[in-house]
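Student: pasting the structure only:
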């Protein structure tokens, strides 16, 4: 029977469906609305069941009821019934996110009895070893086999629709070689968000990773780090898929050398952008959230609060605690050099730099809690005294000119401020004092291993201890932010809005959600050309103009480490020299770039990948539909000709400036065709296309 490739059904498979662990959860959750808009109920997200958290993520559906499934999805119901009859447990429902996609969460505990049998089969079928005590790999094998079981039965039951299965990361990748070996009639896509070996190699911090990619003995390196079996799964997944993709150009370069297959294209990560009706609204939010950070800073630096908050800038770095991969090492080094430069210049600007990275802690420090408490106490006392003064002032004005009031306003301070008020205020003010040798803390928590913490040791090495003569202050907050935090009660997005500059000088960053989130919220950021986000922005914005839009890109690929640090210092110092008006104008420009990161734009790349996969799997059907001969390696005809459409049009904004001849982008990022057409090009940073698209966004009247 001929499969319907236009009304195909899509299954997106990942271990982070309804299971928040890392960035893939954010990708799938934020992408759901545009995927559901295209597929409606023909889209399912498939994951593993986390019994501790799924109740908060899933709105359960009665999967056995016939009215739960439309007619075209009855094969899914039939397959689930068959699997349940053989002991496979699962949860079926709708994900409680925008778009509410259907989800299937398999309970791995119900198939654990097959683990040894499936391990043996995996070795005999595709030669992938699996050690006894690697629990993560065991779960990957169980998950892969149960997903392949589901897809195999569904492909047998439903011979009407083309079935697309899109897998994310190695943990979901076991099913790919199984589908290939078993000749299951499904179309497969594999996306790696970061290679396993790349993450391990870069974390060591002692190699020039990107300039030596072609020199690594991948089997040896993976074996030396005890991840050879995991590497085999990832490599098999990449080489078994009909279409192999990554999230950025830099990861494509890495994957080609480490996984031994050149990616067919790039699927950048997007964000659901909510635009304000008026530009000033997000600027007002910045002022409101900044005031909350001001409250924290007043408390943290009490007794040493000798700088002007109106002339203070808030910088921050945030993310997983990967000291070298995330660039925390060079951020702290650059702050020390910035501190020296500001001292030499005699600058009146103060920089408070936050490091928001979760580490092992015991609790908040007593000092951090006390600092906020004494300032809050002063604030409450001042509020009470102010209220009393207001009442006395009102009473005096009401009595004038009677009851011995000879002036319209009181002229005696004692008539407004009583002795008890003075005592209360003095007590609170004296409570703010520090001992002569006590400095504001550089960390807000008691660390589990303070002496060996990399961030703290780097801060100690460069000597940033929050002295009064240091224009650069530093605060390490080793916990993710949330509004219930007793000392810094802000959710992460609120904190970002209140800051002036995000600094993310990563060495290993396949995409980089943190600078992208800054951009959407109108906060300038510093990134690198080794992050997917940085390379993407370099493509979209004219050379040397990115920083005008609030995107500063540090060169960590072609410069020596010390030169990269100096460039980072230059960028931060340049930002410190800006006037308030210049910063406002720059935030306006940054916020306007948010359209470039919207899933309405980024989702087009997923559409291309699915079309390419269908083209490769069913070339004759495409030829029949399109009426032309199609070459599955020619990515330029991604839609299969103008006559064939699989989705409703999605709006695509223009790029912020004219694309250069070195740009890889026309109207959408990561053109799948560009990578495939450049098979003879060794450097993904210098892919060429002809032509340009012009669109001037720089019209803010500055």
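Tutor: Great, that's in hand. From a predicted model like this one, the values you see are computed outputs, not experimental measurements.
Student: Show me the strands in the stretch 551-700 of the chain, by range?
Tutor: Taking DSSP state E, counting those that start in this stretch as the criterion, the stretch 551-700 of the chain carries its strands at 551-554.
Student: So, low pLDDT: which residues of it?
Tutor: 626-700 (pLDDT under 70).
Student: number of nearby residues for residue 180?
Tutor: Residue 180 has 19 neighbouring residues, counting by other Cβ atoms under 10 Å. (Each C-beta comes from the backbone N, C-alpha and C, glycine too.)
Student: Looks like it contacts residue 238 (just checking).
Tutor: No - if you go by Cβ atoms under 8 Å, residue 180 and residue 238 don't touch, sitting 11.7 Å apart.
Student: Against residue 578, how distant is residue 354?
Tutor: 19 Å (Cβ to Cβ, to the nearest Å).
Student: More neighbours: the two, which one.
Tutor: Neighbours of residue 354 and residue 578, each counted by other Cβ under 10 Å, are more numerous for residue 354; the result is 25 against 17.
Student: buried ones in the single longest helix found in the chain?
Tutor: When the chain is parsed with DSSP state H, its longest helix is helix 366-399. Neighbour-count burial for helix 366-399, counted by 16 or more other Cβ atoms under 10 Å, picks out 367-368, 371-372, 374-375, 378, 381, 385, 389, 396.
Student: and the next element down the chain from that helix?
Tutor: helix 413-416 (DSSP states H and E).
Student: helix, strand or coil for residue 359?
Tutor: Secondary structure, DSSP: H, G, I helix; E, B strand; the rest coil: residue 359 is coil.
Student: Quick check: pLDDT value at the closest residue to it other than its chain neighbours.
Tutor: Leaving aside its chain neighbours, residue 359 sits nearest to residue 478 (3.9 Å; criterion: Cβ to Cβ, 6 or more residues apart in numbering). For residue 478, the model assigns a pLDDT of 96.
Student: same deal with the one 4 residues further on?
Tutor: Predicted confidence (pLDDT) at residue 482: the value is 89.
Student: Need the phi and psi values for it.
Tutor: Here is the backbone geometry of residue 482 (degrees, to the nearest 10): phi -160, psi 160.
Student: quick check, nearest of the buried residues of helix 366-399 to residue 28?
Tutor: residue 368 (35.8 Å; Cβ to Cβ).
Student: Contact partners for the residue lying closest to the closest one once chain neighbours are set aside?
Tutor: Distances taken as Cβ to Cβ, 6+ apart put residue 444 closest to residue 368, at 4.4 Å, once the chain neighbours are dropped. Listed by Cβ atoms under 8 Å, 6 or more residues apart in numbering, the contact partners of residue 444 are 300, 364-365, 368, 475-479, 487-488.
Student: Out of the residues you listed, list just those in strands.
Tutor: 364, 475-477 (DSSP state E).
Student: Dump these to JSON lines, plus distance to residue 582 and neighbour count.
Tutor: Output for the ones in strands among the contacts of residue 444, formatted as JSON lines (distance: Cβ to Cβ, whole Å; neighbours: other Cβ atoms under 10 Å):
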{"residue": "364", "distance to residue 582": "37", "neighbour count": "18"}
{"residue": "475", "distance to residue 582": "26", "neighbour count": "23"}
{"residue": "476", "distance to residue 582": "29", "neighbour count": "23"}
{"residue": "477", "distance to residue 582": "29", "neighbour count": "25"}
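Student: With distance to residue 67 as extra columns, can I get the residues you listed in JSON lines?
Tutor: What follows is those, written out as JSON lines (distance: Cβ to Cβ, whole Å):
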{"residue": "364", "distance to residue 67": "52"}
{"residue": "475", "distance to residue 67": "56"}
{"residue": "476", "distance to residue 67": "55"}
{"residue": "477", "distance to residue 67": "50"}
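Student: quick one: which of these is nearest residue 200?
Tutor: Out of these, the member with the shortest distance to residue 200 (by Cβ to Cβ) is residue 476, at 25.3 Å.
Student: Helices of the stretch 401-550 of the chain, start to end?
Tutor: Ranges of helices in the stretch 401-550 of the chain, per DSSP state H, counting those that start in this stretch, are 413-416, 419-430, 454-462, 492-498, 513-520, 532-540.
Student: okay if I get the ones you listed as CSV plus mean pLDDT?
Tutor: Formatted as CSV, the helices of the stretch 401-550 of the chain follow (pLDDT from 0 to 100):
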stretch, mean pLDDT
helix 413-416, 77
helix 419-430, 84
helix 454-462, 97
helix 492-498, 94
helix 513-520, 92
helix 532-540, 88
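Student: For residue 269, which of these is the nearest?
Tutor: helix 513-520 (6.5 Å).
Student: how much does that closest one deviate in direction from helix 532-540?
Tutor: 50 degrees (axes from the mean of the first three to the mean of the last three Cα atoms, to 10 degrees).
Student: Name the surrounding residues that touch helix 513-520.
Tutor: Identification of contacts with helix 513-520 by Cβ under 8 Å, 6+ apart yields 23, 26, 269, 271, 273, 318-319, 493, 496, 502, 504, 524-527, 531, 533-534, 550-551, 590-591, 593-594, 597.
Student: How about stretch 209-220?
Tutor: 197-198, 201-202, 228, 231, 250, 253-254, 257-258, 260, 507-508, 530, 557.
Student: so what does the helix or strand hosting residue 105 touch, helix or strand wise?
Tutor: Taking DSSP H and E as the definition, residue 105 sits inside strand 102-106. Using 3 or more Cβ pairs under 8 Å, 6 or more residues apart in numbering; DSSP states H and E, the elements in contact with strand 102-106 are strand 43-48, strand 90-95, helix 135-157.
Student: Point me to the residue sitting farthest from the middle of this structure.
Tutor: What lies farthest from the middle of the chain is residue 404; by Cα atoms, centre = their mean that is 68.1 Å.
Student: how much space between it and residue 159?
Tutor: Distance from residue 404 to residue 159, counting by Cβ to Cβ: 100 Å.
Student: likewise residue 372?
Tutor: Applying Cβ to Cβ to residue 372 and residue 159 gives a distance of 65 Å.
Student: re the thing from before, mind putting the buried residues of helix 366-399 into TSV with distance to residue 186?
Tutor: Listed next are the buried residues of helix 366-399 as TSV, based on distance: Cβ to Cβ, whole Å:
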residue	distance to residue 186
367	58
368	54
371	58
372	56
374	63
375	61
378	66
381	69
385	72
389	75
396	84
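Student: out of those, who's nearest residue 329?
Tutor: Closest approach to residue 329 among the buried residues of helix 366-399 (Cβ to Cβ): residue 368, at 24.4 Å.
Student: thinking again about what came up before, helices or strands up against the longest helix of the chain?
Tutor: Using 3+ Cβ pairs under 8 Å, 6+ apart, the elements in contact with helix 366-399 are helix 280-300, helix 413-416, helix 419-430.
Student: Could you rerun that using 10 Å?
Tutor: Secondary-structure packing of helix 366-399 (3 or more Cβ pairs under 10 Å, 6 or more residues apart in numbering; DSSP states H and E): helix 280-300, strand 361-364, helix 413-416, helix 419-430, strand 445-447.
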